[in-house]
Every structure is written in structure tokens, then in C-alpha cells.
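A.B. asks: just need the structure, nothing else, for what follows:
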Amino acid sequence: MADQNNASELYRLSAADAVTFLRKGEISAVELVEASAARIEATDGALNALPTLCIERARAHAERIMKNGGTGRRDPAWLGGLPISVKDLVPVEGVRTTWGSPLYADHVPARSDIMVERLEANGAIVMGKSNTPEFGAGASTFNEVFGKTRNPWNTDKSCGGSSGGAAVSLAAGQVWMATGSDLGGSLRIPASYCSVTGLRPSPGRVAHGPADLPYDTLMVDGPMGRDALDTALFLDAMCGAHVEDPISLAAPAEPFAQAVREKEKHAPKRVAYSPDLGEFPVDSEVAEICAAAAQRFQAIGAEVEDGGPSFKGAVDIFQTLRAVLFSAMKADMLRTRRDALKPELIWNIEKGLALQSDEIGAAEIARGKLYRRMAKFFANHDLLLCPTVIVPPFDVDIRYVEEVNGHKFDNYVDWLGITFVISLTGCAAISTPVGFTKDGLPVGLQIVGPPGAE
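C.D. replies: Below you'll find the predicted structure:
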């Protein structure tokens, strides 16, 4: 363990250890803020993970926590003054929030998202806003406001997206925890590409908003950490019902971090591994690394078998329902500021506007059938395993993956299918690091559980 009193080494602490020291008063929130600020200054010039900083605001928050006796609280949600990053799709009061769009380049919200309000009340300290694609559309992190975010393992490579800056800020040791959001894989993909952990929780697990579409179950916010325990600890600080989020869930009786610490009690007995969910081309090296990782479940007593439920038709379901969301949220923007939107966004909004009601209805019915197939699968299995991303990190100058194993994708979204078909099901899903390619690029395994079973 790093010496917690050595400021130059504090960034190496796990979040769980840092919170323990904070709660005991062995390090202070101010010390961690300064360690975070120093690490950001040392690394972010090459990475561009946190283009908007609010360090003076963070210092003031740290001082308030210390003044108010922040070391005295012991409840599972209390982080004690731990520095975090917040994705630039999520408003933070008084801090520039752009959604990666030139239309909001100078926007400063008057109120934080309720997720941020809860996190700050639970002792999280916001250091800055993490970079994201424009409006979170796409799985490589670049935009016209801040430019590209680069992979810390190889700065010539993409860090994934849309929570790319979040994953990089963790992997580079700039902060101890990072918020992400996930529609089609935006938590899981950058976690895989940066060798950190990203959890897409069940809809409602993390309250957010106020939102224009509060009953939507495709887009969720969730935690990112350097490992499973840190991620669980962050989820404890995020979760709980909130009156402004109509689908939000109460915090569980057993804290998530406690469940990780007592993982033997929750060991799976039967899991299934699929290299491709029966639908997607997967790079052979990625498939090999993930297959080897899946077999490790045997060491904890689990039966590992091949297979999984059918995802036939799920790509079309997702593309339809995603287009509905984009058109609902951005149609006015397309009409008034088309010139300021990137081509991929325009395509998505127009796709949604062109849909007929019977197409949307058919997609919803098909989604219900997919859910029933997943429910049947989980009646006899504890987990479904598969690769998180079908290719390793790619060139940072490529906008999106166009071809894998001879299969050509006809839009910027379909290469994300192995994560977005899981989004449709409402199941909790996590990406965990499981190895590196021969070129030293990270690979993550996607682990899927039943809804509500984070």
C-alpha cells in the first residue's frame, strides 16, 4: 500500500482505502483534492480527460466537509471528501456544462442533476467535467468544443465512449471515482478500453434528472471505478429513491460494497459464456482473452457452459427505440441549428422522425419478447458472459468502427451491438478488465445479471 501521508503517492490509493483513511481522519479531503489537482496537471495535457475543471470549488467543498466534522460519519454512502469527475452530459451547479456541443459551449447551469446533489451530500467532491462525444452520441470521445480524449495505455488509440473522459480520468489516477451514463454501452465500452470497471445499473437504481423523459429505461447513469469494490462503494453513494425521478429505486438493505467484500456469499453456480451473443463479429484475440476469463469462474465453483438467449432482431429493436429518443429530445434542435450538429446526430434524429407508429409499436413488442427470453435464461443461470467490445481500442482519429472480420456496418452505432442489445433487457451489466492484447491494449469482459441484481 502507498504511504497515505505521501502526497505524491495518494493518487495510487484505491477509492476504498482512501475512504477508509478519510473516515478515520488519517488523511483529509483537502489533501486528496490537492493530490487530484496535481495528478490532473501532470497527466491531462496528453489525455484531455477533464477539459473543464472546478478546483477552487472542490477546495471550498473539502474545507466545508472538514469544518463540519466529515470524519465522523460511518454510513455506507459516505465518501468523506473523495474527489470524483462528472460526465459533461450531467449538470453541475456553477460549473461549465457543454454536452460536448458548440451550442452549449458557454452554458453554466444554475442547478446540479439530482445524482450530483446526492453525491455531493454524501461527501463526493467534484474536480471537473469529463469529456464526451456531442450529446453522448458515439463510442469514441471527441467533439468540436474540446477535441479528442486519448487512451492512457496508448495515446494514439481511442478511449471509447461516450464516458471516455470518465474512464481516462480513472485510469490515469486523476480521480478515484467517475460518473458515467449508458444508453448503448457508454459506461461499459470505455471501461473496457481503459482497463477500469464500469457498471450499467438497472433502470431506476441511480436517480437522475429532472429529466424530459423521466420514464425512459434505456438511458441510465452509473458508477465507474478502478475495480469492483470501488465501483460498488460509488454505487452506494449514488443509489436511493428520489421524488423527482418516478422510476427510482430504494437503496438495498445490503450495501453493494458489503456484498463485494462478502463475495463468497454471492458466488454464481451456473454461468453461460457467448463469444458473440450469436449476432456479432468479434476480433479473434478479444474472443480468446474473454473465453479464457470466462473459464476462471470454474475456480470459484461455477459451472461454465456455452450459449445464452437469442438476440435475434435486437439490433433493429434498439436502433428504432434509440432513434425515437433522439428525435424526441433533439427534433427542435435539428430544425433550428442543424448546421451545428455532427452528421451522425443528424442521421439519428432524422431516422426517428421518419418512423411510423406501427414500427415503434412493433419494436416495443419485440423488446418485451426479448425480456421474456432473458427472464427464462436467468431462471436457470446466474450470469451471462461475453466480450464488452468486439475490437480492441482503435486509432483515435477514426470516428467509429466500420468493419470487423469482413462484416461492414452501415452506420456509426451498430458496431456497439454486443452492449446495446443488453441495454434493451434492463439487466444490470458490468465491464471488468480481463487482460491485454499482444499490443498491450486492454480487453474487458461483460458480465450480465438479472434486472435489479447489481
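A.B. asks: list the buried ones in the host helix or strand of Glu305?
C.D. replies: Per DSSP states H and E: Glu305 is located in strand 303-306. Residues of strand 303-306 classed as buried by neighbour count (16 or more other C-beta atoms under 10 Å): Val304. Where C-beta positions appear, they are placed from N, C-alpha and C, glycine not excepted.
A.B. asks: stretch 90-102 now?
C.D. replies: For stretch 90-102, the neighbour count (16+ other C-beta under 10 Å) marks 90-93, 95-102 as buried.
A.B. asks: contacts only, for the residue positioned nearest the centre of the chain.
C.D. replies: Centroid check for the chain by C-alpha atoms, centre = their mean gives Leu187 as the closest residue, at 2.1 Å. Counting by C-beta atoms under 8 Å, 6 or more residues apart in numbering, Leu187 touches 163, 180-181, 198-200, 222, 224, 431.
A.B. asks: starting at the chain centroid, how far to the strand or helix carrying Ala294?
C.D. replies: Secondary structure assigned from DSSP H and E places Ala294 in helix 284-295. Remark: helix 284-295 is offset 22 Å from the chain centroid, using C-alpha atoms, centre = their mean, to the nearest Å.
A.B. asks: the residue nearest to the centre of the chain and Arg335: what is the separation?
C.D. replies: Noted for Leu187: a distance of 31 Å to Arg335, by C-beta to C-beta, to the nearest Å.
A.B. asks: ditto for Gly308
C.D. replies: 42 Å.
A.B. asks: have a look at these two and say which one is more surrounded.
C.D. replies: More neighbours surround Gly308 than the other of Gly308 and Arg335, with 21 against 10 (other C-beta atoms under 10 Å).
A.B. asks: now for the closest residue to that one other than its chain neighbours: which residues touch it?
C.D. replies: Nearest non-adjacent residue to Gly308, counting by C-beta to C-beta, 6 or more residues apart in numbering: Ser274, 4.2 Å away. By C-beta under 8 Å, 6+ apart, the contact list for Ser274 reads 306-308, 384-386.
A.B. asks: go again with 10 Å.
C.D. replies: 280, 282, 290-291, 294, 305-309, 311, 384-387, 418, 446 (C-beta atoms under 10 Å, 6 or more residues apart in numbering).
A.B. asks: helices along the chain, start to end?
C.D. replies: Assigned by DSSP state H, the chain shows helices spanning 15-24, 29-47, 55-67, 114-121, 164-171, 188-194, 228-238, 256-261, 284-295, 314-337, 343-354, 357-378, 417-425.
A.B. asks: state the distance from Met224 to Ser169.
C.D. replies: Per C-beta to C-beta, Met224 is found 9 Å from Ser169.
A.B. asks: looking at the two, which is more packed in?
C.D. replies: More neighbours surround Ser169 than the other of Met224 and Ser169, with 38 against 32 (other C-beta under 10 Å).
A.B. asks: right, and that one touches Thr141 too?
C.D. replies: No - look at Ser169 against Thr141 with C-beta atoms under 10 Å: they stay out of range, at 11.4 Å.
A.B. asks: how about the helix holding Ala294: buried residues?
C.D. replies: In helix 284-295, counting by 16+ other C-beta under 10 Å, buried: 285-287, 289-291, 293-294.
A.B. asks: for Arg59, state which of those residues is nearest.
C.D. replies: For the buried residues of helix 284-295, the residue nearest Arg59 by C-beta to C-beta is Ala293; the value is 41.1 Å.
A.B. asks: dump the residue contacts of the closest residue to the closest one other than its chain neighbours.
C.D. replies: Nearest non-adjacent residue to Ala293, counting by C-beta to C-beta, 6+ apart: Val434, 3.7 Å away. Going by C-beta under 10 Å, 6+ apart, Val434 touches 192, 195, 286, 289-294, 296, 385, 387-388, 442-445, 447.
A.B. asks: hmm, try it at 6 Å
C.D. replies: Going by C-beta atoms under 6 Å, 6 or more residues apart in numbering, Val434 touches 293, 443, 445.
A.B. asks: Thr388 now?
C.D. replies: Counting by C-beta under 6 Å, 6+ apart, Thr388 has contacts 188, 192, 431, 444, 446.
A.B. asks: do that again at 7 Å, thanks
C.D. replies: Listed by C-beta atoms under 7 Å, 6 or more residues apart in numbering, the contact set of Thr388 reads 188-189, 192, 419, 431, 444-446.
A.B. asks: and Pro133, by the same measure?
C.D. replies: 100, 140-143, 161-162.
A.B. asks: can you do 8 Å?
C.D. replies: 100, 139-143, 161-162, 164.
A.B. asks: do the same with Val220
C.D. replies: 181-182, 200-203, 205-206, 208.
A.B. asks: what separation do you get for it and Gly184?
C.D. replies: 11 Å.
A.B. asks: how about Arg111, nearest residue that isn't a chain neighbour?
C.D. replies: Of all residues not flanking Arg111 in the chain, Glu93 sits nearest, at 5.5 Å (C-beta to C-beta, 6+ apart).
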